[in-house]
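1. task: produce atomic coordinates for the following.
(chains A and B)
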Amino acid sequence: MANLDRLMQVKGVWAAGEFTDDGKLVAYKGNISEEQAAMAAEMCGANNAMAKMQCDGYTAFSGQEWTPLMGWALTGPKYSVCVMGNVGVFVNNDEVSFNEVFKALREVAGK
Amino acid sequence: MATLSKLKELMSLPGAVAAGEFSDDGRLLAYYGNIDEKSAEIAAMMCAANKLMGNMQAKGWSAYTGQDGFYPVVGFAVAGGKHVACIMGNVGVFLELDKADFDKTFETLSRYI
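-> Predicted coordinates for the structure are as follows:
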């Protein structure tokens, strides 16, 4: 199981979770209900599949090396979702260093 | 529209290989860097589609949780292989992953929103 405690220690991270390839919630920590964490896991699984398809397709189309998929992020006005492999975090944009978040995610996800 | 000078500024970011601007309906408006036009056009279409999908998810998530702060989508990133794409608003930059400075990249991109 992924080391979610390591992710929760990163400044600005307020929730962390792990999910399966088919979008099932494996584990989570932080200020979020289990029902919401399960929904987030489902979205993350779907986005991983979409991003993998795009990375594989774009590699074939462009000849540039965009595969395998490593991760993705989505940013709103206050919060962001950052995912590497099958682990992800919710962060406060104003507090976080995205360099630190992605470094920690790569460590925990083994990417 | 982002001027070529702005795209050139993005090209000065660590690891940058290409930069471009797209419309909400996925048309390529301008680009700069080491990428052919067909690949840039496909990238523009993917960026617009991802932005729309991200907004759909963020709006749904906000309604579901009652929590503001995820919508509207400000930007997104996708990393794979040796590269990462970072997009804010309708402007984006492709970077070499191992050279990318995400904080600097997002700070620069945020000036173009």
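2. is the nearest residue to residue A:30 once chain neighbours are set aside in a helix, a strand, or coil?
-> Closest residue in space to residue A:30, ignoring its immediate chain neighbours: residue A:15 at 3.0 Å, by CB to CB, 6 or more residues apart in numbering or on different chains. (Each C-beta comes from the backbone N, C-alpha and C, glycine too.) Residue A:15 falls in the strand class when you classify it by DSSP: H, G, I helix; E, B strand; the rest coil.
3. is residue A:15 bridged to anything, and to what?
-> On the basis of DSSP bridges, residue A:15 is bridged to residue A:30, residue A:90.
4. doesn't residue A:87 make contact with it?
-> No: assessed by CB atoms under 8 Å, residue A:15 is found out of contact with residue A:87, at 11.6 Å.
5. for chain B, what is the nearest residue in chain A?
-> residue A:78 (3.2 Å; CB to the nearest CB).
6. out of residue A:15 and residue A:87, which sits in the more crowded spot?
-> A direct count of neighbours by other CB atoms under 10 Å in any protein chain shown for residue A:15 and residue A:87 places residue A:87 higher, at 28 against 21.
7. does the more buried one really touch residue A:13, like I thought?
-> No: look at residue A:87 against residue A:13 with CB under 8 Å: they stay out of range, at 11.4 Å.
8. give me the common contacts of the two.
-> residue A:7 (CB atoms under 8 Å, 6 or more residues apart in numbering or on different chains).
9. helices along chain A, start to end?
-> Per DSSP state H, chain A carries helices over the ranges A:4-8, A:34-62, A:98-109.
10. okay, the shortest one in PDB with CA atoms only?
-> Only the C-alpha atoms of helix A:4-8 are listed here, as PDB (Å, rounded to 0.1, in the frame of the first residue of the first chain):
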ATOM      1  CA  LEU A   4       0.000   8.300   2.100                       C
ATOM      2  CA  ASP A   5       1.500   9.700   5.400                       C
ATOM      3  CA  ARG A   6       4.500  10.800   3.400                       C
ATOM      4  CA  LEU A   7       2.200  12.700   1.000                       C
ATOM      5  CA  MET A   8       0.200  14.300   3.900                       C
END
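11. mind listing what residue B:9 touches?
-> With contact taken as CB under 8 Å, 6+ apart, residue B:9 is in contact with residue B:108.
12. give the bridge partners for residue A:19, please.
-> Beta bridges link residue A:19 to residue A:25, judged by DSSP bridges.
13. can you verify my assumption that it contacts residue A:86?
-> Yes: in terms of CB under 8 Å, residue A:19 counts as a neighbour of residue A:86; the distance is 5.5 Å.
14. neighbour count winner among those two?
-> For residue A:19 versus residue A:86, neighbours defined as other CB under 10 Å are more numerous around residue A:19 (26 against 21).
15. coming back round to it: any common contacting residues for residue A:19 and residue A:86?
-> Both residue A:19 and residue A:86 are in contact with A:26, A:44, where contact means CB under 8 Å, 6+ apart.
16. right, I'll leave it there.
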